[in-house]
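[1] this one's structure only:
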């Protein structure tokens, strides 16, 4: 697979590794190792371990008689600050999971933090690796407080980036331990909402790290809170089940949800052989090693109940402000800028995507007369320092602009617009890119969106050039003037002769050398653009519906930031040209944009 210099986050917790075990036979007698915390302790500290709801459900956690068959391991959190991993390895442990993070930065109305990290995570991870254990990190989900994508970013900020040889990241999904103040046992979410929440976390990790996460859960949560969802065909199951007698068969969600289990947390007994909670891997040592070195690309999906929610999830997956802490995380970060454009008027958003990529922010949609709730939620999560509105008053009226001021502390919200879509495109470029910048300028038809959708990710990417719109047969005066100001060294025309006529291309050639990227249809054009921009492959590829513009528009700045293309597909099947280009790109991760109506579950399963 393609290997890249991915954003590597280094957790910064510190701890000393001290002796905690006396080895006797094949078991470990522990000395000075904290016992498992009570649920009250965990809730009070806003710090929960993997499997905390065993107490919520009234489970006696000291029931298991002996370990199930398989490779033995354990998981640790801040409640086991300094385990002796070497002693555990001598006693037979082969792997461990370390808690990295919980929730998302912020402070709730009752004064409690909505997020935290395990301050010992770096030392624990390093100690486990030094002892020869295969190690990985997990995140404890608090869906009541934010989107899954935002919590995925918080996890990435506070865990060492996944590398081959380490265990895939784990998402801990359990019922709320404080349902009276967290929206109920399912965190205030309906099953469909919970599914997209989980997809947001997984899609974020896939986009950034190119590894398929593992879902930790139990039968109760999966049935009650997801409705036994089948939306995760690529993700492995880490099941929580504590038997009352020795068995090799845990109770799991239905096989329609997960074909089988991979890890099993089988005991939380204080007298267990290893520190923390006791786990088992279903397979051999060779199987465990293979799990840490995947050969197929990871697959995720970023979606929502509508275009506004999907755009919010995509934005959160890439632009959630970075916060790295040890312990409580009470303060959110802020993104430098958010561009806002009309959901009903695609040309404005086409130009906004390149500008957003240049300035390091996302594009969020509104309607002409108001801000949808999902967009409000996204703005609150992103906490922008600046908001820029794209389009005239007919596209986004003044009442909406006034409402947007709330999200930047009452400061002014500038509007970039012109007399028509072409003048607006030129205005966006002029407000964003310096004069005589050289580089590449991208030109696409302003009368249709598919070519510019794929081009938007390239324009927002490493080259960070403007996306300028033209009429098919005439180069608008505003665009010609903006190109003269920019003085590009190259102009890339997106689409064939019908989209941008030879006469327009000739006019452009009088300004700078022109290269045209096109194919027999929108899919071949999309593939050609990706080939042009990423000849050596790409770490991440985004896949979006070719016949509806919102998902791909929102994906362009995200793809640009992560250095990958947006490829267009049919909802029901991957076109042959896209399939070939996807294979040629050798991505580590593929992220589907939009729900199963936009891109079907069959397409996702086939990736």
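    Looks like it came in fine. None of the values given here were measured: they were computed from a predicted structure.

[2] name the SS class of the spatially most central residue of the chain, please.
    Compute the mean C-alpha point of the chain, and by CA atoms, centre = their mean the closest residue is residue 204, 1.1 Å away. Look at residue 204: counting by DSSP: H, G, I helix; E, B strand; the rest coil, its state is helix.

[3] mind listing the helices for the stretch 351-500 of the chain?
    In the stretch 351-500 of the chain, the helices defined using DSSP state H, counting those that start in this stretch lie at 373-382, 398-404, 421-432, 450-459, 477-486.

[4] quick revisit: who's in contact with the residue nearest to the centre of the chain?
    Neighbouring residues of residue 204 by CB atoms under 8 Å, 6 or more residues apart in numbering: 148-149, 152-153, 156, 300, 302, 316-318. From N, CA and C alone the C-beta is placed, and that goes for glycine too.

[5] so which of the residues you listed comes closest to residue 413?
    residue 316 (20.8 Å; CB to CB).

[6] please name the residues that touch the closest one.
    Residues near residue 316 by CB under 8 Å, 6+ apart: 146-147, 149-150, 153, 200, 204, 378, 381-382.

[7] tell me the SS of the spatially closest residue to the residue nearest to the centre of the chain that is not a sequence neighbour?
    Distance criterion CB to CB, 6 or more residues apart in numbering; nearest residue to residue 204, sequence neighbours excluded, is residue 152 at 3.1 Å. What three-state DSSP gives for residue 152 is helix.

[8] where's residue 152 relative to residue 274, distance?
    In this view, residue 152 and residue 274 are 28 Å apart by CB to CB, to the nearest Å.

[9] these two: which has the busier surroundings?
    Shown here are residue 152 and residue 274; by other CB atoms under 10 Å, residue 152 has more neighbours (33 against 30).

[10] I'd say the more buried one and residue 317 touch.
    Yes: using CB atoms under 8 Å, residue 152 makes contact with residue 317 at a distance of 6.5 Å.

[11] intersection of neighbour lists for these two?
    200, 203-204.

[12] before we move on, the earlier item: out of the helices of the stretch 351-500 of the chain, nearest to residue 218?
    Nearest to residue 218 among those is helix 373-382 (28.2 Å), distances taken as CB to CB.

[13] now for that closest one, which elements pack on it?
    helix 307-319, strand 338-342, strand 363-366 (3 or more CB pairs under 8 Å, 6 or more residues apart in numbering; DSSP states H and E).

[14] same list, these, but as JSON lines with distance to residue 53 please.
    Formatted as JSON lines, the helices and strands packed on helix 373-382 follow (distance: least, CB to CB, whole Å):
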{"stretch": "helix 307-319", "distance to residue 53": "25"}
{"stretch": "strand 338-342", "distance to residue 53": "36"}
{"stretch": "strand 363-366", "distance to residue 53": "34"}
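
[15] so which of these gets nearest residue 500?
    Across those, closest to residue 500 is strand 338-342 (CB to CB), at 22.3 Å.

[16] residues making contact with the closest one?
    Residues outside strand 338-342 that contact it (CB under 8 Å, 6+ apart): 315, 348-349, 352, 355-356, 361-368, 375, 379, 382, 384, 386-391, 395-396, 404.

[17] list the contacts for residue 247?
    Residue 247 sits in contact with residue 68, where contact means CB under 8 Å, 6+ apart.

[18] give me phi/psi at it?
    Phi and psi for residue 247, reported as degrees, to the nearest 10, are phi -160, psi 160.

[19] returning to that earlier point: out of the helices of the stretch 351-500 of the chain, deepest packed?
    Stretch with highest mean neighbour count among the helices of the stretch 351-500 of the chain: helix 450-459 (a mean of 30; mean count of other CB atoms under 10 Å).

[20] list the helices and strands it packs on?
    Using 3+ CB pairs under 8 Å, 6+ apart, the elements in contact with helix 450-459 are helix 346-359, strand 440-445, strand 467-470, strand 490-494, helix 522-533, helix 550-562, strand 566-569.

[21] quick one: residue 136 is in a strand?
    Yes: applying three-state DSSP, one finds residue 136 inside a strand.

[22] what about the longest strand in the protein?
    strand 95-107 (DSSP state E).
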